[in-house]
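1. The following block contains a protein sequence and its predicted model.
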Amino acid sequence: MTRRIRSSLRHLRRSIAPPFWPISRKEYVWTVKPRPGPHPLFKSIPLGIVIRDILGYTTTMRETRRILGERKVAVDGRVVTDYKFPVGLMDVVHIIPEGKFYRVVPDSVKRLKLIEIPPEEAGYKLLRVIRKQTVKGGAIQVTLHDGRNILLPQSGGEKTNIKTFDSVLITVPKQAIAQIIPFKEGVLAVVTDGRHAGFVGRVISIQQVFKRRDALVVLQNDQGETVRTKLEYVLPVGEEKPAITIR
């Protein structure tokens, strides 16, 4: 699991920044600290670092802030002007002038990396259900891993059968549920955290321990490689093939 980061309220030293950030540790003292947002600090990268250090569109943070101020970058279909905005798992970054789209996916080396995706996929985002509860009026609400809350229809049907740790494919920015991918044996999934992050394979077995999130999940890929990890680290991505590009 990625180590927790402790820092001051507004500032973050490079020496204690998340190890998967692509920044030099000793060149300067300070780096950009993500603002509170859809992803926690230890599972996100500030948008300014994404633009400058990962995509390489700028060389300094001043240039990056100018580009963002000119409203040239969108995340999940919405223009973002804050260079401290936290970008995390499955977010879609749109470089508007070039018409390029990038998705944040798990990686075994970099923990989180950006891959270019076709424009027709940019309107979809795959998210894990982390909470399901009844709210005022008897409606069912699900909370997704990027902090979104979606109210499910009360008329019954497939959508009301969503369980925690299932995945939902939603449209962005409208947040309409396009597909539900249940967490079960035989489903295709990707490991999002831990030592096997980035591994893609089918769920072979699920062994319940105490809490469901700590269940032991065994996955196997097409080459016959097998890994074991916690259920909490596994994200279903499709039945026969991934619903979106994840590599």
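-> Great, that's in hand. Small disclaimer: the values here were computed from a predicted structure and weren't measured.
2. Direction included, what does the lengthiest strand in the chain pair up with?
-> Selection of the longest strand in the chain by residue count, based on DSSP state E, yields strand 124-134. Strands adjacent to strand 124-134 in the sheet, as given by DSSP bridges, are strand 140-144 (antiparallel), strand 167-171 (antiparallel).
3. Quick check: buried residues in that strand?
-> Tyr124, Lys125, Leu126, Leu127, Arg128, Val129 (16 or more other Cβ atoms under 10 Å). Bear in mind the C-beta positions are built from the backbone N, C-alpha and C, glycine included.
4. Name all residues that make contact with the fourth one.
-> Applying Cβ atoms under 8 Å, 6 or more residues apart in numbering, we find Leu127 in contact with Met90, Leu144, His145, Asp146, Arg148, Ser167, Val168, Ile170.
5. Who is the second one paired with across the strands?
-> This means Leu144. As for beta bridges, Leu144 partners with Val129 under DSSP bridges.
6. OK, contacts around it?
-> Per Cβ under 8 Å, 6+ apart, neighbours of Leu144: Leu127, Arg128, Val129, Ile130, Ile150, Val168, Ile170.
7. nearest to Leu235, of these?
-> Of all these, the one with the least separation from Leu235 (Cβ to Cβ) is Arg128, at 5.4 Å.
8. For the closest residue to that closest one other than its chain neighbours, give me the pLDDT.
-> Among residues not flanking Arg128 along the chain, His145 sits closest, at 4.4 Å (Cβ to Cβ, 6 or more residues apart in numbering). We have a pLDDT of 96 for His145.
9. pLDDT below threshold where in the chain?
-> Along the chain, segments meeting pLDDT under 70 span 1-8, 155-159.
10. How about Asp107, nearest residue that isn't a chain neighbour?
-> According to Cβ to Cβ, 6+ apart, the nearest residue to Asp107 is Lys113 (4.2 Å).
11. Spatially central, which residue of this protein would that be?
-> Closest to where the C-alpha atoms of the chain average out (Cα atoms, centre = their mean) is Leu89, at 1.4 Å.
12. which residues touch Pro182?
-> Lys163, Asp166, Pro236.
13. Please verify my assumption that Leu151 contacts Lys136.
-> No: using Cβ atoms under 8 Å, Leu151 is not in contact with Lys136, being 10.7 Å away.
14. one step back: now the longest strand of the chain - C-alpha only, CSV.
-> Included here for strand 124-134 are C-alpha records, laid out as CSV according to Å, rounded to 0.1, in the frame of the first residue of the first chain:
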residue,chain,number,x,y,z
TYR,A,124,-16.9,7.6,-20.0
LYS,A,125,-15.3,6.9,-16.7
LEU,A,126,-15.1,3.7,-14.7
LEU,A,127,-15.5,4.0,-10.9
ARG,A,128,-15.6,1.7,-7.9
VAL,A,129,-18.6,1.8,-5.5
ILE,A,130,-17.3,2.4,-2.0
ARG,A,131,-20.6,3.0,-0.2
LYS,A,132,-24.3,2.4,-0.6
GLN,A,133,-26.8,3.9,1.8
THR,A,134,-30.4,5.0,2.1
